[in-house]
Each structure stands twice: as structure tokens, then as C-alpha cells.
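Enquirer: dropping a prediction and its sequence here:
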Amino acid sequence: MRILQAFTEEQLQHCDARFWGMVDTSGDCWLWHGARTRKGYGVFTVYALQTGTVTTMSGHRYAFIRANGWEPESTDHLCPNKLCVRPTHLEGVTSAENTRRKPRKQFCNHGHPLTLDNLYIYRSKTRMHRSCRTCRRERNRIYWAGYSGNRSAVTTPEVTT
Ligand SMILES: [Zn+2]
Ligand SMILES: [Zn+2]
């Protein structure tokens, strides 16, 4: 199903301009201000006046396809914000992945809730990761504590000229 294939790149660039005009990119999540579906997702109409081609899709799906260049079976949010259309907060899912998909973790391994303000999203070579900010901060604290501890033990070598 390659819906956007019906449009030329030039037509899609016009749609992009319309699309991003309805998005607030000031926060960590980029929020859609346009029309919504009953389920609370953004809905965007892609159209080309020249050819009369029209299609409607969810806003985050459009953002994902335009950013990544392929059309997934479904588009998931890595963040808990249904209206977020920030491409780095989105993940394309193929049908094979969809069927063996586990529900997303709501808590980290240490029991901190993975809510928006505690969620740290990053990309590795292979995929996107959701991790816990609290645990990350704690790891950094231990790392730097160890570093300053070791440093005091290191003596500056005598400099001979
Ligand atoms: Zn987001
Ligand atoms: Zn944690």
C-alpha cells in the first residue's frame, strides 16, 4: 500500500508546507493543531489540486512517511502523545512486527513511570529506544562521582624541561 505514490514530490512539498503550518514544534513533542479523529489522533488530508487526487491519513503517519521515505503497515508513537508528529518520536511497524508486538513498557526496570517528562528517546544504529531519565541521571551521577574520586588519586607528573 503506497498511498503517497499517487503524488509527485512537488505536490507533496506543498502538502508538507500545509502540514507543518498546523504543528507546534516549540516543545519536546511536536503537537498537531489540525483536525482530529474520534480516537484523538491528528488527521491530515493530502491533496493535489492539479490532478484532483485526495487521500486522508493520520498526521503522525504522514510525518513518518515524509521523514523516512517508506510507508509502514502502521505507525506507532514512542512517546505517549497521540497528537505528536515529531518524526523521531515515531516508529514504523511492518505487519510481521505488528503480530508479535508486546505492549509497551509503562515502567522502567527500576519502577520509574515512563511518562512524558521521564521518557528519554534515542536512536541506535538499528532502532529507536525508550529509556528512563531518572535512571540515566543516576548512572551519570555514579559515573561522575567515580571520575572525580579517581582524579584526586592521580598525581600530576613532574614536568622536566
Ligand atoms: Zn512526542
Ligand atoms: Zn528508571
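Expert: Received the coordinates, thanks. Ligands and ions are numbered 1, 2, ... in the order given.
Enquirer: what about the protein, any weak spots by pLDDT?
Expert: Within the chain, the ranges that satisfy pLDDT under 70 run 1, 98-102, 147-161.
Enquirer: enumerate the residues of it near ligand 2.
Expert: With the criterion set to Cβ under 5 Å from the ion, the chain comes near ligand 2 through 108, 110, 112, 132, 134, 135. In short, each C-beta sits where N, CA and C put it, glycine included.
Enquirer: tabulate these (a markdown table), appending neighbour count, distance to residue 55 and secondary structure.
Expert: Shown next, in a markdown table, are the residues of the chain next to ligand 2 (neighbours: other Cβ atoms under 10 Å; distance: Cβ to Cβ, whole Å; DSSP: H, G, I helix; E, B strand; the rest coil):
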| residue | neighbour count | distance to residue 55 | secondary structure |
| --- | --- | --- | --- |
| 108 | 19 | 39 | coil |
| 110 | 9 | 44 | coil |
| 112 | 15 | 41 | coil |
| 132 | 21 | 38 | strand |
| 134 | 16 | 42 | helix |
| 135 | 16 | 42 | helix |
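Enquirer: list just the nearest of the residues you listed to residue 14.
Expert: Distance to residue 14 across these (Cβ to Cβ) is lowest for residue 132, with 40.7 Å.
Enquirer: that closest one reaches residue 105, doesn't it?
Expert: No. Residue 132 sits out of contact with residue 105 when judged by Cβ atoms under 8 Å, with a separation of 9.6 Å.
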